[in-house]
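>>> next come a sequence and a model predicted from it.
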Amino acid sequence: MSEPATLAGGNARDGDGDGATRSALLIDWGGVLTTNLFASFHAFCVAAKIDPQTLMGRFKSDPEARELLVALEKGKLDEREFERKFAALLEVEPDGLVDGLFAGVGPDEAMVNAVRLAHAAGLRTALVSNSWGVHRYPHDLFDELFDGVVISAEEGIRKPSRRMYELGAERAGVAPEACVYVDDLPFNLAPAEELGMATVHHTSAETTIPELERLLGLPLREDAPTRR
């Protein structure tokens, strides 16, 4: 997660253009396998009497805020230090700031189940995620969802670094050309496309899951017709 996505629904692009069925799924966490991060941020700001536009504007146009976010996502700054320094920029109290921002974030059960079904069907799957610390992930679910995990704070790099996507394919045990990559931020899709991956810009489970069924060639909903 770095900044708000543009609003467009479930658009898929096939990286090599051959229309071939893919055999692996690489997927982001926050905003894809969870509910909308920015809706949670907005709700917290309203409750805390912080201007939501000021919060997001800091990440988009304030170099100091951007540096703090990049350092956090790369694991070079711990969450509490980020919270203290970012709160100072916003001129608010730091205690509970990050927890408050994420308070409204929960799993998107339809998307999580789609990954579970893909993994159970034998497709290779990997998480490729920029992180705000590493403790917010449900690590107990990883074995049933993913063959590999790439979390920015553990790697010391972050999307859109090309290496994040290469690691995702490597840890899934496939070539990049075999992969579909899903993210809610359009600019995070470009490096995946350059590697030959098909990509899906996620805005909702209702649009993303049918695109994944088409690209992967198997049903990813309990009530979906069998296609493979």
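Cool, the structure landed. Numbers count the residues shown, from 1 in each chain.

>>> state the mean pLDDT of stretch 143-156.
Confidence for stretch 143-156, expressed as mean pLDDT, is 97.

>>> apart from its chain neighbours, what residue comes closest to the spatially most central residue of the chain?
Centroid-nearest residue in the chain, with C-alpha atoms, centre = their mean: residue 28, separated by 2.7 Å. Ranked by C-beta to C-beta, 6 or more residues apart in numbering and with sequence neighbours excluded, the top spatial neighbour of residue 28 is residue 183, at 4.4 Å. The C-beta positions use only the backbone N, C-alpha and C, and glycine is treated the same way.

>>> do residue 84 as well
residue 94 is the one closest to residue 84 (C-beta to C-beta, 6+ apart), at 4.7 Å.

>>> so that neighbour touches residue 87, yeah?
Yes - in terms of C-beta atoms under 8 Å, residue 94 counts as a neighbour of residue 87; the distance is 3.6 Å.

>>> for residue 182, grab phi and psi.
The phi and psi values for residue 182, taken as degrees, to the nearest 10, are phi -120, psi 130.

>>> how many neighbours does it have?
Using other C-beta atoms under 10 Å, residue 182 has 29 neighbouring residues.

>>> where does the prediction get shaky in this protein?
1-20, 224-228 (pLDDT under 70).

>>> domains in it, by residue range?
11-35+106-216, 37-101 (automatic domain parsing).

>>> next one: the longest one to chain centre, how far?
To tie it back to what came earlier, the one meant is domain 11-35+106-216. Chain-centre distance of domain 11-35+106-216: 8 Å, with C-alpha atoms, centre = their mean, to the nearest Å.

>>> likewise for the shortest one?
Between the mean C-alpha point of domain 37-101 and the mean C-alpha point of its chain there is a distance of 18 Å (C-alpha atoms, centre = their mean).

>>> let the chain start at 629 from now.
Sure thing, new numbering starts at 629, so read that last one as domain 665-729.

>>> quick one: end-to-end length of that domain, please.
8 Å (C-alpha to C-alpha, to the nearest Å).

>>> where do the strands sit along this protein?
639-641, 652-655, 752-757, 776-779, 807-811, 826-829 (DSSP state E).

>>> for residue 689, see how far away the residue nearest to residue 656 is.
According to C-beta to C-beta, to the nearest Å, residue 811 and residue 689 sit 22 Å apart.

>>> who's more crowded, those two?
Set side by side, residue 811 and residue 689 show more neighbours around residue 811, with 27 against 9, by other C-beta under 10 Å.

>>> how about the residue in the protein that sits furthest from its center?
In the chain, by C-alpha atoms, centre = their mean, residue 719 is the one farthest from centre (28.6 Å).

>>> count the residues that sit near the closest residue to residue 730 other than its chain neighbours.
The spatial neighbour of residue 730 that comes closest, neighbours along the chain excluded (C-beta to C-beta, 6+ apart), is residue 668 at 6.2 Å. Burial of residue 668 is recorded as 20 neighbouring residues (other C-beta under 10 Å).

>>> quick one: residues contacting residue 668.
Applying C-beta atoms under 8 Å, 6 or more residues apart in numbering to residue 668 gives the contacts 729-733.

>>> cool, residue 704 as well?
residue 784.

>>> OK, contacts around the residue nearest to residue 656?
655-656, 660, 787, 817, 820, 827-830.

>>> and of these, the nearest to residue 755?
Set against residue 755, the nearest of the contacts of residue 811 by C-beta to C-beta is residue 655 (6.4 Å).
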